[in-house]
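S.K.: everything below, folded, please.
(chains A and B)
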Amino acid sequence: MSEISQTLKELLEKHRAGQLKPKDRFAIPPQEMPEQDPAVRRFNMNEVALGYTEEQARMEALRCLHCPNAPCVEGCPVRIPIRDFIREIAEGRYQKALEIIKGYSLLPAVCGRVCPQEVQCQEKCTVGLRFKDVMKSVSIGRLERFAADRAGEAAAVPEAGESTGQKVAVIGSGPGGIVAAADTRRGGHEVTIFEAFHKPGGVMVYGIPEFRLPKAIVRKEIETLEKMGVRIVCNFIVGRTRTIEQLMKEDGFDAVYIGVGAGLPKFLGIEGEHLVGVYSANEYLTRANLMKAYQFGEGADTPIALSRRVAVFGGGNVAMDAARMALRLGAEKVYLIYRRSEKEMPARVEEVHHAKEEGVEFRLLQSPKRILGNERGQVVGVECLRYELGEPDESGRRRPVPIAGSEFVLEADTAIVAIGNGPNPLLQQTTPGLKFNRWGYIEVDENCRTSLEGVYAGGDIVLGSATVILAMGQGRIAAAGINAYLAEKRRRGAGA
Amino acid sequence: MYKIVSKKPLSANVFEMDVCAPYVARARKAGQFVIVSPDEERGERIPLTIVDGDEQKGTIRLIFQRVGKTTSQLAEMSAGDCLGYVAGPLGKPTHVERFGVAVCVGGGIGVAPLLPITKALKEAGNTVIAILGARTKELLILEEEFRQLSDELIVVTDDGSYGRKGVVTEPLAEVCRRERKPDFVMAIGPAIMMKFCCETTRPFGIRTQVSLNTIMVDGTGMCGGCRVEVGGKTQFVCVDGPEFDGHQVNFDLMMKRLAAYKDLEQKAYEAYRQHRCRIGLDRSSNP
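M.R.: Just a heads-up that it's a prediction; the model follows:
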């Protein structure tokens, strides 16, 4: 264990003696996580947030009041015993902390980095409530990340359960699929993950950039699955390569988990969206992340626009990722155009903050009206319209109302549309009997069971656009459902 | 995985290979394509039409033209080598029915994807008239196979070195004017050729399908890079196509999008060729 400061030593002594009162804990300053300098990082792909030092982590852990009712746990979609793992971190027992988390979440290194903690666990934190500032809550996410990074190397591979001889197919290797695969493998089934891309990891490898989630972390989680005996088949598009029906009737799969996400990019439907230089955020990020277009000509063969001025449409995490990626790909100017105000932005506070620090120019209460092109069909600008906020709409957010005659033009050579994704119609077209709602998402019950026997679904293809942790939560529920279903099937088989 | 079973040149820049991809061989239908990359780690993903397949052997037949770096890499691979990956089959299969008289028009490398569709149309009981075009005699591919498949074969070359001198739209217009007007036209080739084939058939009101080969990344509907405007609406070539009603396609827009990475691709290709040349020199100077 490395050196710890005198202050921390004294605090720990008081803590162990049960003498660290809430007011002492409130007095500990929130620990800022070290980050790469914005002026430097906007030119590199390395991770922005560097993670707590040991001293910082233990100091931050001591800010936790260990509330008897642990309200933070209620805010966690998978109910990690947050209070307990934080206690272990304070004591320097990082391995133990990680074991506690791993009992509930399979991907702490991922979730510690990408969960929107400020609207989940940290929103409920008593410390934050005391300061009336969620940013002053105990930094649960950073502590989770610390435990995972610090103790992850030595973490034991979960064991597969005793063989049942039954086969489970998991479609999609994103966060939900990973959890469903691990949990059904623990249930003793033979598990195969089918992935359409050439690399597993789903949105964690094609969508979330390296500077926010290093791919090495995802790779390690996938390796853990393989060590558990999960088979991963890439370049396999269920619905085209094989249908669900073929997997079950011809290939002997007893159950299926559908975790294909919602990957079909939405466009605005405005004039000029077909111009050269207009990307969906999916395309832009896939080229940059998965296909490593930032190394074009030096180790990667997939090109991406060499942009000078980029306009990104949208206000979510994906919009932030695209804007920050554009800077790293060499853009001189990046606009983020969002038609509501910053308060209504769905992006995580931290991502908004990072994007601003790096120099992304926020154009709030503005919206693209049409994209302008030259004679070669190349984007040269975006005509925008200004908005003001009116009455709240059905989502509870104040509705943006266009201001007539407020049009103006922003010069840009690239436009990135980051206004969300819809469901891919492929499974709907190729899976008779599988029920979808009218928006094209799969209908499931509370156990993530679909209308087809033995077929379960979760994540974005059920919820619409959600988060990594929600997808994981559903993967877990579905896996429990599959394990129970297959146990029942065995019983019936044995009885027959 | 994805082993090249055999490979041969069809013309100076066009190659044919049989690749081991058992799942694709089993599932593929006429009109579908695969996403291929020569190198799993750094390679580009490109769409190639599945020309044929052998379910027993588990192989698919691919035909491609050397135009840039990725296709050059493919061209340099030989039997026994493995592709980085092959994913598919992708896209909607061709809608095949007994139309009556079907005209299959192929230009340049477009003759390759036309072959499985022509075969399917023939098997469905259509009278098939094939019109194949190439710049010059040496670049004409698959003539023999089309000759066997079709009831009538018309070959044109731009320079008149073989068959008729001219472009495919001329015989197409003649066929349209015949007493027994065609019921269906399938046109595959360069965008400009497909555009003019559609303009040729439009006054005759003959249903004309085209198969589009736009720039793609994933090929599964995820990126939208392949989008085209069809009948004023945005369609994804990978999941809504690759075949569309040619009379509805906005070809001018599509052609502009096809040129999106021209400069970058050119640079990559130049760099690649220079690199290959240097390797060649090193080898010759070091016996």
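
S.K.: grab the nearest non-local neighbour of the residue of chain A found nearest chain B.
M.R.: Taking CB to the nearest CB, chain B has its nearest neighbour within chain A at residue A:377, 3.1 Å off. C-beta coordinates here come from the backbone N, C-alpha and C atoms, glycine included. Nearest residue to residue A:377 in three dimensions, chain neighbours excluded: residue B:256, at 3.1 Å (CB to CB, 6 or more residues apart in numbering or on different chains).

S.K.: if we can go back for a sec, residues contacting the residue of chain A closest to chain B?
M.R.: For residue A:377, the contacting residues are A:274-276, B:253, B:256-257, by CB atoms under 8 Å, 6 or more residues apart in numbering or on different chains.

S.K.: for the longest helix along chain A, buried residues please.
M.R.: Longest helix of chain A, by residue count under DSSP state H: helix A:468-495. For helix A:468-495, burial by neighbour count (16 or more other CB atoms under 10 Å in any protein chain shown) applies to A:468-483, A:485-486, A:489.

S.K.: ditto for stretch B:144-158
M.R.: Applying a neighbour-count criterion of 16+ other CB under 10 Å, one finds B:145-146, B:149-150, B:153-157 buried in stretch B:144-158.

S.K.: so of the residues you listed, which ones are in strands?
M.R.: B:153-157 (DSSP state E).

S.K.: format those as JSON lines; extra columns: distance to residue A:494.
M.R.: As requested, these are exported to JSON lines (distance: CB to CB, whole Å):
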{"residue": "B:153", "distance to residue A:494": "64"}
{"residue": "B:154", "distance to residue A:494": "68"}
{"residue": "B:155", "distance to residue A:494": "68"}
{"residue": "B:156", "distance to residue A:494": "70"}
{"residue": "B:157", "distance to residue A:494": "72"}
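
S.K.: filter those residues by proximity to chain A?
M.R.: Among those, none lies close to chain A by the criterion of CB under 8 Å from any CB of the partner chain.

S.K.: and which of the residues you listed is nearest residue A:392?
M.R.: Nearest to residue A:392 among these: residue B:156, at 65.8 Å, using CB to CB.

S.K.: who does that closest one bridge with?
M.R.: residue B:133, residue B:164 (DSSP bridges).

S.K.: now for it: which residues touch it?
M.R.: Shown in contact with residue B:156 (CB under 8 Å, 6+ apart): B:131-134, B:163-168, B:170-171.

S.K.: just the buried ones from the residues you listed?
M.R.: For the contacts of residue B:156, a burial check counting by 16+ other CB under 10 Å picks out B:131-134, B:163, B:167-168, B:170-171.

S.K.: nearest to chain A among the residues you listed?
M.R.: residue B:167 (24.7 Å).

S.K.: what about residue A:396, how many neighbours?
M.R.: 7 (other CB atoms under 10 Å in any protein chain shown).

S.K.: got it, and residue B:41?
M.R.: Around residue B:41 there are 11 other residues, counting by other CB under 10 Å.

S.K.: that one should be in a helix, yeah?
M.R.: No: read with DSSP: H, G, I helix; E, B strand; the rest coil, residue B:41 is coil and lies in no helix.

S.K.: give me phi/psi at it?
M.R.: phi -80, psi -50 (degrees, to the nearest 10).

S.K.: can you check residue A:154 too?
M.R.: Main-chain dihedrals, residue A:154, degrees, to the nearest 10: phi -90, psi 0.

S.K.: quick one: residue B:128 from chain A, how far?
M.R.: 28 Å (CB to the nearest CB, to the nearest Å).

S.K.: OK, contacts around that residue?
M.R.: If you count contacts by CB under 8 Å, 6+ apart, residue B:128 has them with B:102-104, B:118, B:121-122, B:149-152.

S.K.: can we see that at 7 Å?
M.R.: B:102, B:104, B:118, B:121-122, B:149-151 (CB atoms under 7 Å, 6 or more residues apart in numbering or on different chains).

S.K.: with residue B:1 instead?
M.R.: Taking CB under 7 Å, 6+ apart as the definition, contacts of residue B:1 comprise residue B:82.

S.K.: tell me the pLDDT at it?
M.R.: pLDDT for residue B:1: 84.

S.K.: and what of residue A:467?
M.R.: 84.

S.K.: please apply the same query to the one 5 residues further on.
M.R.: Confidence per residue is given as pLDDT, and for residue A:472 that number is 89.

S.K.: my guess is it contacts residue A:174, does it?
M.R.: No: between residue A:472 and residue A:174 there is no contact under CB atoms under 7 Å: 9.3 Å.

S.K.: so where's the chain shaky on pLDDT?
M.R.: This is for chain A. Filtered on pLDDT under 70, chain A yields the residue ranges A:1-3, A:495-496.

S.K.: was after chain B, sorry
M.R.: B:277-287.

S.K.: can you pull the contacts of the residue nearest to residue A:377?
M.R.: Residue B:256 is in contact with A:276, A:376-377, counting by CB under 7 Å, 6+ apart.
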